[in-house]
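>>> Mind folding the following:
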Amino acid sequence: MLKRIIFIIIICHTAAFACGCMANQPTREAPANANTTSANELSSHVDAQSDATAELPGIIITEAVSEPSPEPAPDALSGFLEKMTLEEKLYQMFFVTPELLTGQDNVTIAGEATKNALQAYPVGGLIYFAANIISNGQTYEMIKQTQQYAKIPLFIGVDEEGGRVARISANARMGYEKIPSMGSLGKAGDAAKAYETGAKIAAMLTELGFNVDFAPVADVLVNTANQEIGNRSFGTDAQLVAEMVSQVVGGLQENNISAVLKHFPGHGSTKTDSHTGYSESTRSYEEMRAREFIPFAAGIAAQADFVLISHLSAVNIDPSALPSTLSKVIITDMLINELQFKNIVITDSMSMGAVTKQYSPGEAAVMAVEAGVDMILMPQSLTEAYKGLQEALANGRLSEERIDESVRKIIAIKISRGII
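As a prediction, this is how the structure comes out:
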């Protein structure tokens, strides 16, 4: 399919937006101040926009890079949902490792433990890491058998960004050409090469049985000393990052691999690592809107199937300093309402310190869904996280309509990608 190019023109309205300066990071949660945007103020921005993606300051989107995901027939989608039990719907909202699913260590085959676990816990997706991927034949057979055991066909995902986060191409035993870092692609500035890289990754993943790639990184490297992101980002220029993101999304999804934009609202300004504990951004709403949002808007325009939410606390946007994965301001107000993202919202790993040091698996799962999340990635305990959702339904904190809203999106993407 001929690829199209998305042209993004950055128009700097003020010098403050152009420099994108970041204040020093405090060691504790920052109190609300004169530069803080409240939830009510943010909602007023959202309400003023009928097509927020096109109206972001500094963005003119002239053409999207990829065809929209085919919409499943309404009867097929509704019919499938009607046959699902509430238990199945809740489990579809989890995307877990095979180890978390089965209770086994270092899973490299799909045997009776996998079969029994999938019958008991019909999760929506499985994510595999380097330890699970030994050889081409082993990986293909493991995934094939896993799908055969699933009551509801699975999203099968992997982190294949290129560079230092490449679970497959970095493994010499797999025999694939190593994918370069996104930072190196950004330096080259070759949009066609970015598309080609996405297509190359898609071919590799399809051959092995994967259908989701947790890529591309859509973060703008605002803080060049940021080591959590570093050369995983296409670079410091929002326009360049946006063009590269849209091309990789096109290369992946035009070859039937779901793309995952990460890490919303933009992890490029942080100084600490959310894998180990609290991480924050002191960027204002206006600064993020003028820079960090631009690549996400481009990826959304390119019809990305997923957006992954970071655990960073955007303290000058949501004064509660909640991790973004648990923040309604970040997810519902900004991503869903303002950027008009209609597909699957997924958390970053809920086993990361930024979450586990503050919240139980059950409470974190409920807060994430309340905030607007559709799928919970790698909870610290699947049993406890599921129980948290179950109890929230029983006590009225969550409604079945809210669960159906997420499950409808999950099943719709699975049908459109031919997984179901």
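>>> Please make it C-alpha for all contacts and neighbour counts, starting now.
Noted.
>>> Tell me, how many residues neighbour residue 76?
Counted with other CA atoms under 10 Å, residues neighbouring residue 76 total 11.
>>> For it, give its distance to residue 309.
Between residue 76 and residue 309 the distance is 30 Å, computed by CA to CA, to the nearest Å.
>>> Could you give the secondary structure assignment for the one residue sitting closest to the centre of the chain?
Relative to the mean C-alpha position of the chain, the nearest C-alpha, by CA atoms, centre = their mean, is the one of residue 308, at 1.8 Å. At residue 308, secondary structure determined by DSSP: H, G, I helix; E, B strand; the rest coil is strand.
>>> Please verify my assumption that it contacts residue 266.
No: with contacts defined as CA atoms under 8 Å, residue 308 does not count as touching residue 266, sitting 10.3 Å away.
>>> Residue 374: what's it in contact with?
Listed by CA atoms under 8 Å, 6 or more residues apart in numbering, the contact set of residue 374 reads 93, 344-346, 406-407, 409-410.
>>> Which of these fall within strands?
The members of the contacts of residue 374 that map onto strands under DSSP state E are 344-346.
>>> Looking at neighbours, which among those residues is most surrounded?
Greatest neighbour count in the ones in strands among the contacts of residue 374, by other CA under 10 Å, goes to residue 345: 29 neighbours.
>>> how near is that residue to residue 410?
Here the distance between residue 345 and residue 410 works out to 10 Å (CA to CA).
>>> Okay, residue 385 and residue 362: tell me how far apart.
In this structure, residue 385 lies at 4 Å from residue 362, with CA to CA as the measure.
>>> related to what we said a few turns ago, which one of the ones in strands among the contacts of residue 374 is nearest to residue 378?
Taking CA to CA as the measure, residue 378 sits nearest to residue 346 out of those, at 10.5 Å.
>>> who's the closest one bridged to?
In this structure, residue 346 has the following beta-bridge partners (DSSP bridges): residue 308, residue 375.
>>> could you dump stretch 412-420 to PDB, C-alpha only?
What follows is stretch 412-420, C-alpha atoms only, in PDB (Å, rounded to 0.1, in the frame of the first residue of the first chain):
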ATOM      1  CA  ALA A 412     -13.400  -4.100  18.200                       C
ATOM      2  CA  ILE A 413      -9.700  -3.800  17.600                       C
ATOM      3  CA  LYS A 414      -9.300  -7.600  17.800                       C
ATOM      4  CA  ILE A 415     -12.000  -8.100  15.200                       C
ATOM      5  CA  SER A 416     -10.600  -5.300  12.900                       C
ATOM      6  CA  ARG A 417      -7.100  -6.900  13.100                       C
ATOM      7  CA  GLY A 418      -8.400 -10.400  12.400                       C
ATOM      8  CA  ILE A 419      -7.400 -11.700  15.800                       C
ATOM      9  CA  ILE A 420     -11.000 -12.700  16.400                       C
END
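>>> ok now that stretch, how far from the chain's centre?
On the basis of CA atoms, centre = their mean, to the nearest Å, the separation between the geometric centre of stretch 412-420 and that of its chain is 18 Å.
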